[in-house]
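1. A predicted structure for the sequence below; I have some questions about it.
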Amino acid sequence: MAESYGLFEQILLIFIGAVVATTLFRRLKLPAILAYLAMGALIGPFALQVAQPDQMALLSELGVVFLLFMLGLEFSLPKMIAMRKTVLGLGSAQVVTTSALFIGFSLLMGMELAPSIVLAGALALSSTAIVTKELIRLQQLGQPHGQLSFGILLFQDIAAVVFLILVPALGTNSAESSESIIWPLLQGAGLLLLLLILGHKILPALFNEIARERSDELFVLVALVTAMSAAWITHAAGLSMALGGFLAGMMLGESHFKHQLENDIRPFRDVLLGLFFVTVGMQLDLSALVENIHWVILTTVMLITVKALVILVLGRLFGHKANTSLKAGISLAQGGEFGFALLAVALTYQVIDSDLNAVLVSTIIISMIITPTLLNRADWIAQRFFPAPNSIESIPEHQHAEAAKQHHELTDHVIICGYGRVGQIVARFLKPMGIQYVAIDPDPIRIKEASSAGEPAYYGDAKRVDILRGLGAAHARLIILTLPNPKSSLESLKHIKREFGEIPVLVRTQDDYHSEQFQIYGAAEVVPEALEGSLMLVSHVLTLLDVPAEDIKERINTVRSQRYRILHGFVHGGQSLKADLDKSRVIQKHAVTLSENAYACDKTLDELDLGLEISSMIQNGEEIDNPSGAVSLKVGDTLILNGSPREIEQAEERILVGNL
């Protein structure tokens, strides 16, 4: 029984079970979250009674803290202000309307006010992680319904803070009095303001100093201490620990340490979140769930229908097209990660009972599982109800067709497959020489940035012959494969040579491990990047040592003809390659497009005084190199900024919202 197992034994059994369950579920192509929940339900007090959720409470609550910390990192204040009409207008209307409908329905069903508010909060907010991931995968984040969805999600992050403040107050004996609810809200608002003011100045400076030490361990420790300290402060103030984690993430979300923090925190978050979802599963009374299965189905259908219809109606009221509004509603029709966190806090403060928790958790799980399918069919559904015959939505097939329309007549051009660092460097040499080129890349974020900067770059897979044909591959002068994965490059090469056998293909690889295979399958040249870099270094060394140029050229050519045999093998050391944490000297290229409410509209570049290089801008469809400071900016203009991450961050904030 559960009493015979200590805490260590319970944790060990949970991890062993989680390994088995996640392996099995992945083989079945099911989400890992289902494995954790199923394992929790199996070993919990309502089944095998191997473990008790109350003994895991602290560890699972830390998982919630780190989950909210990661969500806080994704919160963007400048973007929220730039999209304030959508965020504060439509976003607030969606949360208030949806919550009011769910609260009203719950009260009609005989529930008390406190659990009704928890139910509304758990269901009114959507899954930021799933929605953004799927919209990016489908190349729809930059489309009208994608931007609409993103704006609403931004406000939902704000609403999450309100609910996290509210739930502990609802758990008090006097929760029905307005004073017991208003006071915690005022207290939380004051604490939020204080932490943001102090954290916005102190934390970036602290992490900048830590980064200078160039210690991975110290950086991770400070990140953990920051999240847990913020959680302790809010807990000490009588609020939830999860709120502190979210605030800490918000404070660091606009700093240039954001991505480093995400990578460092992720392992701790994933392990603790695994424990959290196991404890959520432990709280599922399977017999009660079976008895209430009709409520689960009804609640899931109601959740998806109500949220989609609310956003459709509100979107129309705010001036958006019906087709766009319905697709945004379908995108946000599910429950989200925050629902699990809110229900866990509500259970801790005894605001809801286990039966209601089982129904709501099951509803959120089911809605999250079917979200990818709904998004895949969103365009089809919207077209059935609100046809838009002249619109070409941003699903990949339409983008490929558009690329084909623009480039299938090209001849003697270069196709760059893979538009990362190497692909972009190649393009920079081709462009000033007047050699036409087009690029494809499977990274939607990179393509969005490159397209915004006016580059002829398109989303696509180099293995897709139909895409290459649309880009004029049959009449191309050269195809370059710069993909980082050698297996993907080899597969692409096979398809290219099978369909366009006469076109020479140059392949870039990290090393020469697969060079022979590339040669067998028809590559005209194989360039191992690391080894060629070494040869370039050797040529400079020999030049400085006064070795004749002809001798250097002969030796380099000999090494190449022998397929770099002399360069094979080296002595390994104890230190691993570590990324440079000091980002201040890294120069990046970033495109910023002026939205309708952007601060920079109707201002000149001189008036903005951005403090970094503006390499070019796109105005009225034309690219202007080194634009004059007297140029007046308009809605839709795109500025191409060159600078460090911190400089770009400050310039983008200036462009979108002005001085804060």
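-> Looks like it came in fine. No experiment lies behind these values; they were computed from the predicted model shown.
2. which SSE is Gly602 in?
-> Actually, residue 602 is Asp. It isn't Gly. Assigned by DSSP states H and E, Asp602 belongs to neither a helix nor a strand.
3. Likewise for Tyr458?
-> Counting by DSSP H and E, Tyr458 is found in strand 457-459.
4. So what are the sheet partners of that strand and their directions?
-> Applying DSSP bridges, strand 457-459 is found paired with strand 437-441 (parallel).
5. Which of the residues in the helix or strand just after the strand holding Tyr458 are classified as buried?
-> Going down the chain from strand 457-459, the next helix or strand is helix 465-470, by DSSP H and E. Using 16 or more other Cβ atoms under 10 Å as the test for burial, helix 465-470 gives 467-468, 470. Just so you know, the C-beta spots here come from the backbone N, C-alpha and C atoms, and that holds for glycine as well.
6. immediately after helix 465-470, which helix or strand?
-> Next along from helix 465-470, by DSSP H and E: strand 478-481.
7. pLDDT averaged over that next one - what is it?
-> Strand 478-481 carries an average pLDDT of 92.
8. Show me how far that strand is from its chain's centre.
-> Distance of strand 478-481 from the chain centroid (Cα atoms, centre = their mean, to the nearest Å) equals 30 Å.
9. In terms of secondary structure, what does that strand contact?
-> strand 414-417, helix 486-499, strand 505-509 (3 or more Cβ pairs under 8 Å, 6 or more residues apart in numbering; DSSP states H and E).
10. Format the ones you listed as a markdown table; extra columns: distance to Pro168 and mean neighbour count.
-> Below are those laid out as a markdown table (distance: least, Cβ to Cβ, whole Å; neighbours: other Cβ atoms under 10 Å):
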| stretch | distance to Pro168 | mean neighbour count |
| --- | --- | --- |
| strand 414-417 | 54 | 25 |
| helix 486-499 | 50 | 18 |
| strand 505-509 | 56 | 23 |
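11. What are the buried residues along stretch 350-362?
-> Under 16+ other Cβ under 10 Å, the buried positions of stretch 350-362 are 351-352, 356-362.
12. returning to that earlier point: closest one to Ile435 out of the buried residues of helix 465-470, please.
-> Leu468 (18.2 Å; Cβ to Cβ).
13. what domains does the record give for this protein?
-> Following automatic domain parsing, the chain resolves into domains at 1-51, 52-268+294-385, 396-564, 583-657.
14. For those domains, state which one has the densest average packing.
-> Highest mean neighbour count of the domains of the chain: domain 52-268+294-385, a mean of 20 (counted as mean count of other Cβ atoms under 10 Å).
15. For that domain, the averaged confidence score.
-> Here the average pLDDT along domain 52-268+294-385 is 77.
16. which residues in the stretch 301-450 of the chain form helices?
-> 322-331, 337-348, 354-385, 396-407, 421-430, 444-452 (DSSP state H, counting those that start in this stretch).
17. Minimum distance to Asn626: which of those has it?
-> Asn626 lies closest, by Cβ to Cβ, to one member of the helices of the stretch 301-450 of the chain: helix 421-430, at 15.7 Å.
18. Where do the helices of the stretch 501-650 of the chain begin and end?
-> 515-520, 529-544, 549-561, 605-608, 645-657.
19. who's in contact with the first one?
-> In this case it means helix 515-520. Here helix 515-520 makes contact (Cβ atoms under 8 Å, 6 or more residues apart in numbering) with 489-490, 493, 507, 509, 526, 528, 563.
20. and if we set it to 6 Å?
-> Residues outside helix 515-520 that contact it (Cβ atoms under 6 Å, 6 or more residues apart in numbering): 507, 526.
21. Roughly how far does Ser489 sit from Glu516?
-> 14 Å (Cβ to Cβ, to the nearest Å).
22. what do you get for Pro504?
-> 18 Å.
23. repeat for Ser362
-> Counting by Cβ to Cβ, the gap from Ser362 to Glu516 is 54 Å.
24. Kindly report the same for Thr279.
-> Distance from Thr279 to Glu516, by Cβ to Cβ: 53 Å.
25. cool, Leu101 as well?
-> 65 Å.
26. And for Ala427?
-> Ala427 is 29 Å from Glu516, by Cβ to Cβ.
27. Hmm, Ala322 is touching Phe386, no?
-> Yes - look at Ala322 against Phe386 with Cβ atoms under 6 Å: they come within range, at 4.2 Å.
28. pLDDT score assigned to Gln283?
-> 67.
29. Mind telling me what element Ala205 is part of?
-> helix 178-212.
30. Ok, Val225 next?
-> Going by DSSP H and E, Val225 is in helix 216-236.
31. Could you list the low-confidence segments of the stretch 501-650 of the chain?
-> 511-513, 562-588 (pLDDT under 70).
32. now with 80?
-> Residues of the stretch 501-650 of the chain that meet the criterion pLDDT under 80 lie in 510-516, 529-534, 559-590, 595-597, 613, 615, 621, 623, 625-626, 642-649.
33. Quick one: closest of the helices and strands packed on strand 478-481 to Lys307.
-> Closest among the helices and strands packed on strand 478-481, once you apply Cβ to Cβ, is helix 486-499, at 38.2 Å.
34. roughly how far apart are Trp295 and Leu656?
-> Applying Cβ to Cβ to Trp295 and Leu656 gives a distance of 45 Å.
35. ok, now Asp379?
-> Counting by Cβ to Cβ - Asp379 and Leu656 are separated by 29 Å.
36. Report the contact partners of Ala227.
-> 69, 245, 248.
37. any chance of these in a markdown table, plus secondary structure?
-> Output for these, formatted as a markdown table (DSSP: H, G, I helix; E, B strand; the rest coil):
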| residue | secondary structure |
| --- | --- |
| Phe69 | helix |
| Gly245 | helix |
| Ala248 | helix |
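38. Return the member of those nearest to Gly629.
-> The closest of the contacts of Ala227, once distances to Gly629 are taken by Cβ to Cβ, is Ala248, at 39.5 Å.
39. For Met228, see how far away that closest one is.
-> 9 Å.
40. cool, Phe155 as well?
-> 27 Å.
41. Check Leu309 too.
-> 41 Å.
42. Quick check: Ser616 touching Ser628?
-> No - assessed by Cβ under 6 Å, Ser616 is found out of contact with Ser628, at 12.0 Å.
43. Give the residues shared as contacts by those two.
-> Counting by Cβ under 6 Å, 6+ apart, Ser616 and Ser628 have no shared contacts at all.
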